[in-house]
Each structure stands twice: as structure tokens, then as C-alpha cells.
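**Student:** A predicted structure for the sequence below; I have some questions about it.
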Amino acid sequence: MPINIPNDLPAWNTLEQENIFIMSEKRASSQDIRPLRILILNLMPKKIDTERQLLRMLSNTPLQVDVELMQTATHNPKNTPQDHLLKFYKTFSDIKDQYFDGMIITGAPVEHLEFEEVAYWPELCEIMEWSKYHVHSTLHICWGAQAALHYHYGLRKTLLPKKMFGVFPHTMHDKTVPLLRGFDEVYWMPHSRHTEVKESEIRAVDGLYILSSSPIAGTNIVSNHNGRQIFIFGHSEYEANTLAEEYFRDLGKLDNVELPYHYFPDDDPTQKPIRTWRSHAYLFYSNWLNYYVYQSTPYDLCSMRLDPK
């Protein structure tokens, strides 16, 4: 089944050319089923790119998915046209009385700041608290994962000696969890971050479980005991050229920019990168939607009264 998005969302043409099943709002409204309601809080500066990446991931499922896009009201992004934001994005005040099957909180390029120094931190805290009662399962990505672990569990982020940048191998700690169902013994995923949450601090929290990690990049996927909160430190949604764009951008601004690990063929930045993480990326999102959202969320979302624990 398809994802249901507005016909004129910029991602529509790209996804349609990739043979991804998308459905118009008009056609979706004529079907006698209840689609999954997924809210995306997009904190990235290039919101259109992030929309496309995440919508692609949500498409690989037999379930119909209705997507709502949300931005923070307390921060005005400079890299996304205002008319796009006004047309396609809601703010928290618009949706705070609604319920959602699932929610995605993206990363954000604010790692150099303490959480409390981020301009929209109070608003984000309000949204994360709201998600405990209004969202069945929330997926937090990269800085979004670090922010959520700090807010919900009091964990700190730690500055890395150098940027974790590249495509890294990961292994599973628990092969029985549905989120990793169908994964290979070793899978690859991109990382691009300057900070981490230490594995020892995560393990010290009762009710948090490390599901997979990398011998190089460290902890990758974490879940709470019931899958209501999932944290992923890598970027499985990234496109083949995303790290290359970041590398060449930094190359023009900084000295001693290292090549992304295991990314360019033969470590030659003139060669086109190969996307070696695509299948596991689709599988991760499909498993999340199926096992952590669809299988346990109530049919009548308005009757949902969630236990935050």
C-alpha cells in the first residue's frame, strides 16, 4: 500500500520516478480503511531533502500511511522556502489535540550547543512530553535521539575526538526483536555526528536496551522496554550522495577534512558513492511501522489513552 501525501509536495515527482507507490489525497479518502497516521517533526535545515528521504523509507510497507509534517514555531528555518512551510507544515498548536500512530523526530545540526542552549528546546521538550500520551511509538534520529534520551532519561551527550563520518558496519545484540527481523548478521549504516551518548550510560538505565552497535561507530539502535520510544544514532534514510555533499561542503570551509569512512569507492572522492545500506534501511522502517505501530495501535485513535511508561 502507498504513502498518502499532497499531490504538489516536491517529493512526489522524485518518488514517482523511483517507482514508489504514492497515492493522492482524493484517492486515499475513497478507500474504506484506516491508514496509519505518522507525524514527522522535521528539525533539519533542508526540510525538502529530509521529507523526500523519510517518505521514501515509509513507502516500503503494505500499509497505507498518512503523513503530517510539523516544524517548530520558535525557530524560522532559512534553507526552506517560506511558501513551502506555510503550505505543507503544521506547528504544535495545530496538532496538539490529535493522536498519531507513530512519530519521527529528525536530527538537527546543533550538536555544538548544549541542549538547553538550542532556541527551540522548550518547545521540543513540550512536544516530547506530549508524545508520551498522544503517539503510540516515536522514532528519534541522531541528534533527535540524543535530545530524547536527555529529556526522558537524563542522559548526556559527549563530544567525540573527531567527527563520526562515513558508512559503518553494525551487528545485532538481540536477534529476536521484531525491529531487526530479517537483518543480516552485519549491516551498514551512515553516521554523521560530532557527539555520542555513551553505551555505559545507556546500559545503566533500567528499561533501555541496546539492540545493535558498531565496533567503530558505537551504539546505533536503542529501544525502551515496550517499543514506545526508539532511538537510532545513524542515518539509514540518507541518499547515496548525502555524505558526499556534506564532505565537499566542509572541504570548502574547513582544514583537515577527513574522507567519510568506507564510502567513496577506493576512497576516491571523484568516484560516485554506492548506497550499500538501502535494503536494511527499508527493512528497518517497514519493521517499525508493522510491529511497533500497526500491530498494537488501536483502530480508533481518539480512544487512545496511552500509558507513558
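**Tutor:** Arrived safely, thanks for sending.

**Student:** Quick check: residue 78 vs residue 66, distance?
**Tutor:** Look at residue 78 and residue 66: by Cβ to Cβ, to the nearest Å, they are 29 Å apart. Just so you know, the C-beta spots here come from the backbone N, C-alpha and C atoms, and that holds for glycine as well.

**Student:** swap that for residue 159, sorry
**Tutor:** 39 Å.

**Student:** Neighbour count: those two, which is higher?
**Tutor:** Comparing residue 159 with residue 66 by other Cβ atoms under 10 Å, the one with more neighbours is residue 66, at 19 against 10.

**Student:** Just checking: what are the partner strands of the one helix or strand the more buried one maps to?
**Tutor:** Using DSSP states H and E, the element containing residue 66 is strand 65-70. Strand 65-70 has its sheet partners listed here by DSSP bridges as strand 3-4 (parallel), strand 36-41 (parallel), strand 89-90 (parallel).

**Student:** Distance from the second one to the middle of the chain?
**Tutor:** Spelled out, it's strand 36-41. 11 Å (Cα atoms, centre = their mean, to the nearest Å).

**Student:** Need the residues that contact that strand.
**Tutor:** Applying Cβ atoms under 8 Å, 6 or more residues apart in numbering, the contact partners of strand 36-41 are 51, 54, 58, 63-72, 95, 98-106, 127, 135, 144, 289, 293-294, 297, 301.

**Student:** hmm, which of the residues you listed are the buried ones?
**Tutor:** Among those, those buried by neighbour count (16 or more other Cβ atoms under 10 Å) are 51, 54, 58, 63-72, 95, 99-106, 127, 135, 144, 289, 293-294, 297, 301.

**Student:** Check this protein for its longest helix and report it.
**Tutor:** helix 121-134 (DSSP state H).

**Student:** quick one: that helix to strand 65-70, angle?
**Tutor:** Between helix 121-134 and strand 65-70, the angle comes out at 150 degrees (axes from the mean of the first three to the mean of the last three Cα atoms, to 10 degrees).

**Student:** moving C-terminal of helix 121-134, what's the next helix or strand?
**Tutor:** Downstream of helix 121-134, the next assigned helix or strand under DSSP H and E is strand 135-141.

**Student:** could you say what helices and strands that next one packs with?
**Tutor:** If you count contacts as 3 or more Cβ pairs under 8 Å, 6 or more residues apart in numbering; DSSP states H and E, strand 135-141 packs onto strand 100-105, helix 143-153, strand 229-232.
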